[in-house]
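S.K.: The following block contains a protein sequence and its predicted model.
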Amino acid sequence: MSRRRHSIWQSLGVVFVTVGVVLAFVVWAVLVGPDIQVVIVRAVVVTLVIFLVILFLRYFSLLWFSYLGHAERNVLGVREIRELPAVSIIVPAYNEGRVLERALTSLMQLEYPEYEVLVVDDGSKDDTLEIASQWEGQRGAGLFRVITKPNGGKASALNAGIAHSKHPLVFCMDADSYLDPRTLLNAARHFTDPAVGAVAGNVKVENRGSIVTRLQALEYIEGLNMPRRAQGFIAAVNIVPGPVGLFRREALEEIGGYDTDTFAEDADLTLKMMAAGWRVEYEDQAIAWSEAPESWRDLTQQRYRWTRGILQAIRKRKGLFLRPFPDFPLWISTIQLGFEAIVWPVMNVFAHLFFAIVAILFGAGELILYWMILLTLLDLVAALVTVSMEEESLSLVPMALIYRFVFILFLDVVKMFATMEELLRLDMEWGKLERAEASA
Amino acid sequence: MNVVDILVSIVVVTILVTIILAIVTYVAYKLRLSREPARPDDDPDALRYFVPFLPGMGGDGGEALEGRDARPALDRLDRDVADLGDHASTA
């Protein structure tokens, strides 16, 4: 049996064992005596309270710090910058022929005085190199160049681009994304502070034609950008996203660029940068539009890779969890990353499953219903606040009704299995999502 | 059956169906991986992340070629890499 098939059967084994354990618990709960069943119901109540406390603390702290970050920008205003440093934009591309043109068109329209664009063809087998080659030359304020290399993965493509670039700021993006014209301008202002090593931008979902993509659009606003805005308030953003990240070249060179040993090179680089003492800030007006997976299976593939990649990055820097000082914001940010990646998905899945089973078997449904209604109201309020802060479409707010109990629960099941596989060190591979044609 | 019972039923069914669908989707994703044809570089000993370094090349594990002439040179490079086989090493 090939190594790949062996690891896939191992993965399926993890699923079946987990499901088996849960079913065994259900059978035991049914067959056990009434005295034990009373204990189980009490355990449900205690678990519910603990889960609620953690949930509320998490939600309100994120919302509060996110609001502070938003208010700081809108009340104090943006930092003025006298001279905008030139920027090198790196666009790694592997078989991105369908979407590359759109990305490069957006780069040509950037409102920035001087920049270069390096498209790094990572050994594509389609027409990526041919399309990119047609863009070479000076286009407005941007100088477009193309380099090609044997396939080596995204991190090595980014490193190759950085090595061939020349400007003091380096912008890394994805070939399937496109930028707002003022993205560079808004992000570059943060670098007036010499301690800032990187600025994370705001990733938005471009394709919103189905329920799964609209849910992702809300998730990016409420689940990804809102925490980043909160982390940005303490300059400890724990992931500079792949589609939109602006870096100080000096910081990149100091830490040795991207490592090539994880599947989440963006998270890995950010942790490495923070561990070296650089501040990582967030700019919600540095916008990149990205294509979200359009099927539940592609979404599973993406989140599986994200989860395992983040865990690989965390594993490399376990020591950060044990050092709250001298950099307390870094420690908080690291703890939050680990909590969101490992602890929370497992808690969420088993809490929901626990409640559903107990509601069916022991008639505690009314209690759980009121709890669900309370959480849904909380989700609606959070959606309204975060959508308003980003001046997004209010039509996304009603998606909050099924956000937690369908979408997040679905993702947390995937994350839970991905976590188990990573802890068991099962093999994995990158995979490639199907690309839709770029819209005009 | 009153309204509360109906809502409880909806909530419980939603939770269970979502979890089941997530498990099924995850299994389907894994099965799809197992059915994909093995790529030539699915060699257990193949370098998964690093670009093979060839003598005489510079930087980041492989020469980065610029310009429109890159494709013919890349084809030559692919043939050279294939010829080297076990003698390739990381940068």
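M.R.: Cool, got the structure. Numbers count the residues shown, from 1 in each chain, chains lettered A, B, ... in the order given.
S.K.: Give me the pLDDT value at A:Leu185.
M.R.: On pLDDT, A:Leu185 comes in at 93.
S.K.: hmm, I was thinking of A:Thr192
M.R.: 90.
S.K.: That one: how many residues sit nearby?
M.R.: A count of nearby residues for A:Thr192, using other Cβ atoms under 10 Å in any protein chain shown, gives 12. Heads up, the C-betas are built off the backbone N, CA and C, glycines and all.
S.K.: how close does it get to A:Asp284?
M.R.: Remark: distance between A:Thr192 and A:Asp284 (Cβ to Cβ, to the nearest Å) = 18 Å.
S.K.: ok, and the helix or strand in chain B with the lowest average confidence?
M.R.: Lowest by mean pLDDT, DSSP states H and E among the helices and strands of chain B is strand B:89-90, with a mean of 36.
S.K.: element containing residue 7, please.
M.R.: Using chain A here. helix A:3-31 (DSSP states H and E).
S.K.: oops, I was thinking of chain B
M.R.: Counting by DSSP H and E, B:Leu7 is found in helix B:3-35.
S.K.: Now do that helix against helix A:3-31, angle only.
M.R.: Orientation check (axes from the mean of the first three to the mean of the last three Cα atoms, to 10 degrees): helix B:3-35 against helix A:3-31 gives 160 degrees.
S.K.: For helix B:3-35, list every residue counted as buried.
M.R.: Under the neighbour-count criterion of 16 or more other Cβ atoms under 10 Å in any protein chain shown, helix B:3-35 has B:7-8, B:11-12, B:14-15, B:18-19, B:22-23, B:25-27, B:29-30, B:33 buried.
S.K.: Does chain A have contacts with that helix?
M.R.: Yes - using Cβ under 8 Å from any Cβ of the partner chain, helix B:3-35 reaches chain A at B:4-5, B:7-9, B:11-12, B:14-16, B:18-19, B:21-23, B:25-34.
S.K.: which other helices and strands contact that helix?
M.R.: With contacts defined as 3 or more Cβ pairs under 8 Å, 6 or more residues apart in numbering or on different chains; DSSP states H and E, helix B:3-35 has these neighbours: helix A:3-31, helix A:296-316, helix A:344-362, helix A:365-389, helix A:409-423.
S.K.: and those, which is most packed in?
M.R.: Ranked by mean neighbour count under mean count of other Cβ atoms under 10 Å in any protein chain shown, those are led by helix A:409-423, which reaches a mean of 23.
S.K.: and the angle for the helix or strand where A:Ala288 lies with helix A:365-389?
M.R.: Under the criterion of DSSP H and E, A:Ala288 resides in strand A:279-290. Angle of strand A:279-290 versus helix A:365-389, following the same axes, to 10 degrees, is 90 degrees.
S.K.: helices or strands up against strand A:279-290?
M.R.: Right, strand A:279-290 is packed against helix A:34-76, strand A:177-179, helix A:183-188, strand A:196-205, helix A:226-233, helix A:265-275 by 3+ Cβ pairs under 8 Å, 6+ apart.
S.K.: Dump it to CSV, restricted to CA.
M.R.: Presented in CSV, the C-alpha positions along strand A:279-290 are these (Å, rounded to 0.1, in the frame of the first residue of the first chain):
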residue,chain,number,x,y,z
ARG,A,279,5.4,44.5,16.5
VAL,A,280,2.7,43.2,14.2
GLU,A,281,-0.2,45.6,13.6
TYR,A,282,-3.5,45.4,11.8
GLU,A,283,-4.9,47.7,9.2
ASP,A,284,-8.6,47.2,8.3
GLN,A,285,-8.4,49.5,5.3
ALA,A,286,-5.7,47.4,3.6
ILE,A,287,-8.1,45.3,1.8
ALA,A,288,-7.7,42.1,-0.3
TRP,A,289,-10.5,40.3,-1.9
SER,A,290,-10.1,36.6,-2.0
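S.K.: Could I get the average pLDDT for it?
M.R.: On average, strand A:279-290 scores 93.
S.K.: Determine how far it lies from the middle of the whole chain.
M.R.: 12 Å (Cα atoms, centre = their mean, to the nearest Å).
S.K.: hang on, A:Ser7 packs against A:Met428?
M.R.: Yes - here A:Ser7 reaches A:Met428: they are 7.5 Å apart, a contact under Cβ atoms under 8 Å.
S.K.: And the pLDDT for the nearest residue to A:Glu340 once chain neighbours are set aside?
M.R.: Leaving aside its sequence neighbours, A:Glu340 sits nearest to A:Pro227 (Cβ to Cβ, 6 or more residues apart in numbering or on different chains; 7.8 Å). Confidence at A:Pro227, expressed as pLDDT, is 90.
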